[in-house]
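Enquirer: All I have is the shape, not the residue letters:
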């Protein structure tokens, strides 16, 4: 596997599983004065934020797999990388407002990030084996 693809794969896993720490911090910041369980995010919001990326991943796998056959693998691989980077930054810079809650905006950005992550799953293995030498193609 190429060095950049390994780093991307590790970053994808970090984006998915780091949300457990983030939701605990969100509870302290946004629900510090809640009547029941102060400092804890409501379980429905917690679940929605955590499941959003998985739902987006399924959409991304199907969508990017289909588009890669039509548009091209390298082009779609670059696009999914841009989506992951942009959506990760967008959710890191998100905050609560009078127009939309922090939960709603995080769900949106996590679904979008999941679409990018899902696009990387079918494309990274295909691109790695496609550009590998015939000697190493089976192992990669």
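Expert: Now that the structure is in, tell me what you want to look at. A quick note: this is a predicted structure, and the numbers were derived from the prediction, not measured.

Enquirer: Determine the three-state secondary structure at the closest residue to residue 26 other than its chain neighbours.
Expert: Once flanking residues are discounted, residue 26 sits nearest to residue 41: 5.3 Å by Cβ to Cβ, 6 or more residues apart in numbering. Placement of C-beta: from N, CA and C, glycine included. With DSSP: H, G, I helix; E, B strand; the rest coil as the basis, residue 41 sits in coil.

Enquirer: In three-state terms, how would residue 21 be classified?
Expert: Using three-state DSSP, the structure places residue 21 in helix.

Enquirer: number of nearby residues for it?
Expert: 9 (other Cβ atoms under 10 Å).

Enquirer: Retrieve the pLDDT associated with it.
Expert: As predicted, residue 21 sits at a pLDDT of 88.

Enquirer: so where does the residue sitting furthest away from the middle of the chain fall, helix or strand?
Expert: The outermost residue of the chain, judged against the average C-alpha position, is residue 135 (33.1 Å), by Cα atoms, centre = their mean. Using DSSP states H and E, residue 135 sits in no helix or strand.

Enquirer: Same question for residue 48.
Expert: Here residue 48 is assigned to helix 43-71, by DSSP H and E.

Enquirer: Show me what that helix packs onto, helices and strands only.
Expert: Here helix 43-71 touches helix 3-17, helix 19-30, helix 73-92, helix 102-131, going by 3 or more Cβ pairs under 8 Å, 6 or more residues apart in numbering; DSSP states H and E.

Enquirer: Can you give me the neighbour number for the closest residue to residue 54 other than its chain neighbours?
Expert: Distances taken as Cβ to Cβ, 6+ apart put residue 114 closest to residue 54, at 6.6 Å, once the chain neighbours are dropped. Residue 114 has 27 neighbours, counted by other Cβ under 10 Å.
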